[in-house]
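Visitor: Fold the following, please.
(chains A, B, C and D)
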Number of protein chains: 2
Amino acid sequence: MCAALASPSIDPPKRPRGRPRKTLDERDEGNRRQEILKAAARLFRRRGFDGTSTRDIASAVGMHSGSPFYHFESKSALLYAVMEEGMRSAIERQSRVLRPGDEPADQLRRLIRSHFDTLHGPGRDFIPVMLYESRSLTARQRAGIAKLQREYEAAWVPVLEALAASGQLRSDAHLARLLIFGALNWSVQWFDAKKRASLDDVTDAAMGLFIGR
Amino acid sequence: MCAALASPSIDPPKRPRGRPRKTLDERDEGNRRQEILKAAARLFRRRGFDGTSTRDIASAVGMHSGSPFYHFESKSALLYAVMEEGMRSAIERQSRVLRPGDEPADQLRRLIRSHFDTLHGPGRDFIPVMLYESRSLTARQRAGIAKLQREYEAAWVPVLEALAASGQLRSDAHLARLLIFGALNWSVQWFDAKKRASLDDVTDAAMGLFIGR
DNA sequence: CCTACCGATCGGTAGG
DNA sequence: CCTACCGATCGGTAGG
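Guide: Numbers count the residues shown, from 1 in each chain, chains lettered A, B, ... in the order given. Here you go, the predicted structure:
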């Protein structure tokens, strides 16, 4: 096989090809931290938390194996940071589309569309990680995420209750919310931006399914 | 601390306390295999595939660390067996409740109720493992499971199409199926048999949400 | 942020 | 199905 010729048989640890070193004033740690977060979100989503090593994350951003621990206390702190970032950005997006004066049906449409944007738009890895890897959080971390989730869900409650009161939603508002979140969140398993159905199509389908318009 | 007195400081590997040995004629390997499968399903569901070691599974059924490999070729073959068993039993349950002559709306109710039974009744660990751990299958294994899934879903297609044609389902039948499966499957994350809502309540809520009855 | 390393754990196997 | 073991990998750390 000529392995000895094809590639050197001694493999000293290679310096990963990072971006050129910056001087002390130039480097901003926030950026590096953010890079690690993005790479971690991507890998946690694709391979799961337990299926991703901190070495995988380090090499995805051109660092050596121990270096992520300079930025994050532990692997699980990194997981928490991914989820927290995902929730903060989802809450912010949601608050931007809310129009409290609108009809409940229009508000629901906006909430659904914003939810799909969170799941499938840029930064799309963060929320799926939260949806599928909470098991790997500590109890304290889980409580922190749960609080953000309650904040997110709070916007949906009055809308669904109004729709139930007017008969447009023909289901208990609380169970309906759980079922609706399931329907939307599950799209992570099948939605493909390259296929025929767009996010607008899927939003239409969801609105039709839930309240018939 | 008197550790030397409290417990022997040398810990030779202890024989796990299995059931008493049976003679050659008595032992039936199918039973042991089934026990391993159940324990694996439970652990894979609680801790994930990557978070469960084959040693965890072995000790859950009172075996030594290498022994599961006497029954299963590899850890991933064990995962596949869990999923296959889950799908076969789901397909069988579903075929038992089907009544092709019924009204589409009644058929949908039966499909939904049977789906909830599969997710939350006895043997409830198998399908959630399939829903959440497919990533850890090989491509070939994934294809095998996908075939069973298509078989399962086939029963839903004509029912949903009939409901869409009659206007009872106000959504594209294909997207509706994906959204509905999501709504139902997500219940794995929140349904608790010890809480107020029963599976009948949740079935009613789903029927109301999707087709208003 | 790199270097060099540690103890623990893992999937899997040969041989009985 | 147990015994005894292997090579690989993992999260994390001290010291610079």
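
Visitor: Secondary structure element for the residue in chain A that DNA strand D sits nearest to, which one?
Guide: Nearest residue of chain A to DNA strand D: residue A:66, at 2.5 Å (C-beta to the nearest atom of the strand). (Each C-beta comes from the backbone N, C-alpha and C, glycine too.) According to DSSP states H and E, residue A:66 maps onto no helix or strand at all.

Visitor: ok, and the closest non-adjacent residue to it?
Guide: In space, and not counting its chain neighbours, residue A:66 is closest to residue A:58: 7.7 Å by C-beta to C-beta, 6 or more residues apart in numbering or on different chains.

Visitor: Assess the claim that that neighbour and residue A:69 are in contact.
Guide: No: at 9.1 Å, residue A:58 does not count as touching residue A:69 under the criterion of C-beta atoms under 8 Å.

Visitor: out of the two, which sits in the more crowded spot?
Guide: residue A:58 (19 against 14; other C-beta atoms under 10 Å in any protein chain shown).

Visitor: Provide a list of residues in contact with the more buried one.
Guide: By C-beta atoms under 8 Å, 6 or more residues apart in numbering or on different chains, the residues touching residue A:58 are A:64, A:65, A:66, A:67, A:68.

Visitor: same thing but 10 Å
Guide: Neighbour list for residue A:58: A:16, A:36, A:39, A:64, A:65, A:66, A:67, A:68, A:69 [criterion: C-beta atoms under 10 Å, 6 or more residues apart in numbering or on different chains].

Visitor: Of these, grab the buried ones for PyMOL.
Guide: In PyMOL syntax, the buried subset of those is picked out as below (16 or more other C-beta atoms under 10 Å in any protein chain shown):
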select buried, chain A and resi 36+39+67+68
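
Visitor: Relative to residue A:148, which of the contacts of residue A:58 is nearest.
Guide: residue A:36 (20.8 Å; C-beta to C-beta).

Visitor: And that closest one, which helix or strand is it part of?
Guide: Residue A:36 is located in helix A:29-47, with elements delineated by DSSP H and E.

Visitor: Would you mind extracting the C-alpha trace of the next helix or strand after that helix into PDB?
Guide: Per DSSP H and E, the first helix or strand lying C-terminal to helix A:29-47 is helix A:54-60. Taking Å, rounded to 0.1, in the frame of the first residue of the first chain, the C-alpha atoms of helix A:54-60 are listed here in PDB:
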ATOM      1  CA  THR A  54     -15.300  18.300  23.100                       C
ATOM      2  CA  ARG A  55     -12.400  17.500  20.800                       C
ATOM      3  CA  ASP A  56     -14.800  17.500  17.800                       C
ATOM      4  CA  ILE A  57     -15.900  21.000  18.800                       C
ATOM      5  CA  ALA A  58     -12.400  22.200  19.300                       C
ATOM      6  CA  SER A  59     -11.200  21.000  15.900                       C
ATOM      7  CA  ALA A  60     -14.300  22.400  14.200                       C
END
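
Visitor: what sits against the nearest residue to residue A:136 once chain neighbours are set aside?
Guide: Once flanking residues are discounted, residue A:136 sits nearest to residue A:49: 4.4 Å by C-beta to C-beta, 6+ apart. Residues counted as contacts of residue A:49 (C-beta under 10 Å, 6+ apart) are A:40, A:43, A:75-76, A:78-79, A:82, A:129, A:132-137, B:48, B:50-51.

Visitor: Am I right that residue A:64 is in contact with residue A:55?
Guide: Yes: counting by C-beta atoms under 10 Å, residue A:64 touches residue A:55, with 8.9 Å between them.

Visitor: For chain A, which segments are assigned as helices?
Guide: Ranges of helices in chain A, per DSSP state H, are A:3-6, A:29-47, A:54-60, A:68-71, A:75-97, A:104-120, A:126-133, A:139-154, A:156-165, A:173-185, A:187-190, A:199-211.

Visitor: Dump the ones you listed into TSV; add mean pLDDT and distance to residue B:205 as well.
Guide: Putting these into TSV (pLDDT from 0 to 100; distance: least, C-beta to C-beta, whole Å) gives the following:
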stretch	mean pLDDT	distance to residue B:205
helix A:3-6	32	63
helix A:29-47	93	30
helix A:54-60	97	41
helix A:68-71	96	44
helix A:75-97	98	24
helix A:104-120	98	17
helix A:126-133	98	21
helix A:139-154	97	17
helix A:156-165	98	11
helix A:173-185	98	4
helix A:187-190	97	20
helix A:199-211	98	12
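
Visitor: And the pLDDT at residue A:74?
Guide: Looking at residue A:74, its pLDDT is 97.

Visitor: Distance check, it against DNA strand C.
Guide: Distance, residue A:74 to DNA strand C, using C-beta to the nearest atom of the strand, to the nearest Å: 14 Å.

Visitor: just residue A:165 next, same as before
Guide: Here residue A:165 is placed at a distance of 52 Å from DNA strand C (C-beta to the nearest atom of the strand).

Visitor: again, but for residue A:184
Guide: In this view, residue A:184 and DNA strand C are 33 Å apart by C-beta to the nearest atom of the strand.

Visitor: residues in contact with the residue of chain A closest to DNA strand D?
Guide: Residue A:66 makes contact with A:54, A:55, A:58, according to C-beta under 10 Å, 6+ apart.

Visitor: Quick one: neighbours of the first one, just the number.
Guide: Okay, so that is residue A:54. Counted with other C-beta under 10 Å, residues neighbouring residue A:54 total 19.

Visitor: Noted, bye for now.
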